[in-house]
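J.: Okay, structure incoming, though there's no sequence with it:
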């Protein structure tokens, strides 16, 4: 599918990606597949033959952002290029596969997670379908964004949970709508529809997992990359919809991941970010006759101990990646507290290329809240685990997220969380205000709090963490550390202190000191700083003095509320 016909130039496709890093990897796979088939990629939607909107649907605000973006694309198509096909991919069609064709007849095709590598064929079919619609002007229909969003919410209220669900989503804040990425640069049979209806190619329960041979066009800067080591999740959290949209946990083979990482290192990548829904579960599904019912710490530990000596685990993967030649970091993201082992702590301590950094969402600390959230970890288990991690890997930075205002959260249970934040002194922390999702287990619980009460608790939690963050920053003064230089800082970066995401909550609030920085700075990250979500290190140096996209040694000479200020060494 390289040309409209033999005499015309290659097809031109634009893509808008919403949501998390895992969704971004799906977008990279779609772009790689399109480029391999000879398609030209553009960031100018008006001139594209087809536009793909890669959606997120974890919570209402994510869903609304997706619906808004779809209709914005349709409106642009109607105004500038009526022959353009609009294709919707990702979590929204995965979640509402049967309803979307009826709710959004303006869209030409819906595709699921299993179909990302077949995007070229779907684009071709969507263009054929679009041509038929344009030829029959009577089929022109327009729905409102408000109507579609309201209908999706109604569907969630009336939906009956299937056997795989445990859950649904609350992950986010009102700050959500900042996840859009506009990019430049054999599948199950589709369900048949009349010519006027959108094409639907979405499997009910995803099974796809990319491998090294899957085409991919990276959208991250040259110096860092995301490597998806697994897909799906087996956890029963009462607030999470991932198992229904992404399927059960399924790991890539270790040899395949190593092959990808070797290629990335050869291409100049300095930071390998390992991602999945639960990275600590990696490899456990590869064991013979495996059972998914090992989510609790006790069952997981027993399963891990029973593995054969040559079994694949996150520990064997980290050790092999650490043995590769080159100067690079390995960052482990999305770990679950229930699946940490003593071996993993020892592995991180032994592997010098693995960043001294833990991304481990805890969600709460009060016993009753952990039970209602179905987190499978107790308060004492979490306290003991943090103590073991810090003792086993001195200097490690702990990142976590908490949910405040969850149904049934009393003032006493919230105060227990505040005390835990103050006492534990997490180096990195994000806070969510719970958002009620109709049709979920948590949404049906008694003890719902008002929005005002939830926002007030988030403010109080952020205030407690702010004091911790300042103390953490002060502890770095005078130290020399290794950093990865991202680029030159611009005025917008120096002034934009608010950071939030659907996965990590409100991470930082306005930092009045950052906007007062004068002179020329480079932006860098240390081992304690993951891309996009953590702190920044501003290096005060003239242009050309610091190597962009490479490691550098700096001395910390100051700090703002959340960031560090350094000079080259």
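T.: Arrived safely. Note that the structure is predicted; figures quoted are calculated from it, not measured. Residues are numbered from 1 along each chain as shown.

J.: chain center to stretch 274-290: distance?
T.: 18 Å (C-alpha atoms, centre = their mean, to the nearest Å).

J.: now it: mean pLDDT?
T.: Summarised as a single mean, pLDDT over stretch 274-290 is 92.

J.: Please point out which parts of it sit buried.
T.: Across stretch 274-290, burial judged by 16 or more other C-beta atoms under 10 Å covers 274-287. Every residue, glycine included, has its C-beta placed from N, CA and C.

J.: And stretch 316-336, by the same measure?
T.: Residues 316-318, 320-322, 328-336 are the ones in stretch 316-336 that count as buried (16+ other C-beta under 10 Å).

J.: Repeat that for stretch 347-357.
T.: Across stretch 347-357, burial judged by 16+ other C-beta under 10 Å covers 347, 348, 349, 351, 354, 355, 356, 357.

J.: among the buried residues of stretch 274-290, which two are most distant?
T.: Maximum pairwise distance in the buried residues of stretch 274-290, criterion C-beta to C-beta, is 21.9 Å, between 275 and 287.

J.: Can you spell out the domain ranges of the protein, please?
T.: 12-201, 220-355, 360-474, 480-568 (automatic domain parsing).

J.: Go through those and name the closest to residue 208.
T.: domain 12-201 (4.2 Å).

J.: What's the end-to-end length of that closest one?
T.: The first residue of domain 12-201 is 21 Å away from its last residue (C-alpha to C-alpha, to the nearest Å).

J.: what about it, distance to the chain center?
T.: Relative to its parent chain, domain 12-201 has a centroid offset of 18 Å by C-alpha atoms, centre = their mean.

J.: about what we covered before: please list the members of the buried residues of stretch 316-336 that lie in strands.
T.: 329, 330, 331, 332 (DSSP state E).

J.: hang on, the third one packs against residue 273?
T.: In other words, residue 331. Yes. Counting by C-beta atoms under 8 Å, residue 331 touches residue 273, with 4.7 Å between them.

J.: what residues are shared contacts of those two?
T.: Counting by C-beta atoms under 8 Å, 6 or more residues apart in numbering, the common neighbours of residue 331 and residue 273 are residue 530.

J.: What distance do you get for the closest residue to residue 313 other than its chain neighbours to residue 228?
T.: Closest residue to residue 313 apart from its sequence neighbours, by C-beta to C-beta, 6 or more residues apart in numbering: residue 283 at 4.4 Å. Here residue 283 is placed at a distance of 14 Å from residue 228 (C-beta to C-beta, to the nearest Å).

J.: Repeat that for residue 560.
T.: 33 Å.

J.: Tell me where the stretch 201-350 of the chain has helices.
T.: Here the stretch 201-350 of the chain has its helices, by DSSP state H, counting those that start in this stretch, at 242-246, 254-266, 297-305, 314-322, 342-350.

J.: possible to save those helices as JSON lines with distance to residue 100 and mean pLDDT?
T.: Putting those into JSON lines (distance: least, C-beta to C-beta, whole Å; pLDDT from 0 to 100) gives the following:
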{"stretch": "helix 242-246", "distance to residue 100": "13", "mean pLDDT": "84"}
{"stretch": "helix 254-266", "distance to residue 100": "33", "mean pLDDT": "98"}
{"stretch": "helix 297-305", "distance to residue 100": "36", "mean pLDDT": "90"}
{"stretch": "helix 314-322", "distance to residue 100": "36", "mean pLDDT": "98"}
{"stretch": "helix 342-350", "distance to residue 100": "40", "mean pLDDT": "97"}
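
J.: Redo the ones you listed as JSON lines? Include distance to residue 459.
T.: Output for the helices of the stretch 201-350 of the chain, formatted as JSON lines (distance: least, C-beta to C-beta, whole Å):
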{"stretch": "helix 242-246", "distance to residue 459": "28"}
{"stretch": "helix 254-266", "distance to residue 459": "41"}
{"stretch": "helix 297-305", "distance to residue 459": "33"}
{"stretch": "helix 314-322", "distance to residue 459": "36"}
{"stretch": "helix 342-350", "distance to residue 459": "34"}
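
J.: tell me the most buried of those helices?
T.: Comparing those on average neighbours per residue, with mean count of other C-beta atoms under 10 Å, the densest one is helix 242-246 at a mean of 23.

J.: what distance separates that helix from the middle of the whole chain?
T.: With C-alpha atoms, centre = their mean as the basis, helix 242-246 stands 14 Å off its chain's centre.

J.: counting contacts, what elements does that helix pack onto?
T.: Judged by 3 or more C-beta pairs under 8 Å, 6 or more residues apart in numbering; DSSP states H and E, helix 242-246 is in contact with helix 91-95.

J.: Show the subsequent helix or strand relative to the helix it packs on.
T.: Counting by DSSP states H and E, the next helix or strand C-terminal to helix 91-95 is helix 100-103.

J.: Can you give me the buried ones in that next one?
T.: Neighbour-count burial for helix 100-103 flags 100, 101, 103 (criterion: 16+ other C-beta under 10 Å).

J.: picking up where we left off before, what is the nearest of the buried residues of stretch 347-357 to residue 545?
T.: The nearest member of those to residue 545, counting by C-beta to C-beta, is residue 355 at 25.0 Å.

J.: which residues does the closest one contact?
T.: Here residue 355 is in contact with 329, 330, 331, 332, 527, 528 (criterion: C-beta under 8 Å, 6+ apart).

J.: so which pair among those is furthest apart in space?
T.: Pairwise distances across the contacts of residue 355 peak at 14.4 Å for 330 and 528 (criterion: C-beta to C-beta).

J.: Check the gap between residue 454 and residue 55 for me.
T.: 26 Å.

J.: Then residue 43?
T.: As judged by C-beta to C-beta, residue 43 and residue 55 stand 18 Å apart.

J.: Ok, residue 69 next?
T.: Counting by C-beta to C-beta, the gap between residue 69 and residue 55 amounts to 8 Å.

J.: who touches both of these two?
T.: In contact with both residue 69 and residue 55: residue 18, using C-beta under 8 Å, 6+ apart.

J.: picking that back up, didn't the residue nearest to residue 313 look like it was pressed against residue 310?
T.: No. If you go by C-beta under 8 Å, residue 283 and residue 310 don't touch, sitting 11.3 Å apart.

J.: burial measure for residue 97, as a count.
T.: Neighbours of residue 97 under the rule other C-beta atoms under 10 Å: 17.

J.: residues contacting it?
T.: Contacts for residue 97 (C-beta under 8 Å, 6+ apart) come out as 110, 112, 200, 202, 204.

J.: Among these, which one has the most neighbours?
T.: Ranking those using other C-beta under 10 Å puts residue 110 first, with 28 neighbours.

J.: Figure out the helix or strand that that residue lives in.
T.: Assigned by DSSP H and E, residue 110 falls in strand 109-111.

J.: Run me through the strand neighbours of that strand, direction for each.
T.: Sheet pairing here is set by DSSP bridges, and for strand 109-111 it gives strand 85-90 (parallel), strand 199-201 (parallel).

J.: Out of these, which is closest to residue 304?
T.: For those, proximity to residue 304 was assessed by C-beta to C-beta; strand 85-90 is nearest, at 32.6 Å.

J.: which other residues reach the closest one?
T.: 18-19, 23, 26, 30, 49-57, 66, 70, 73-74, 77, 100, 104, 106-113, 115-116, 119, 122-123, 126-127, 129-130.
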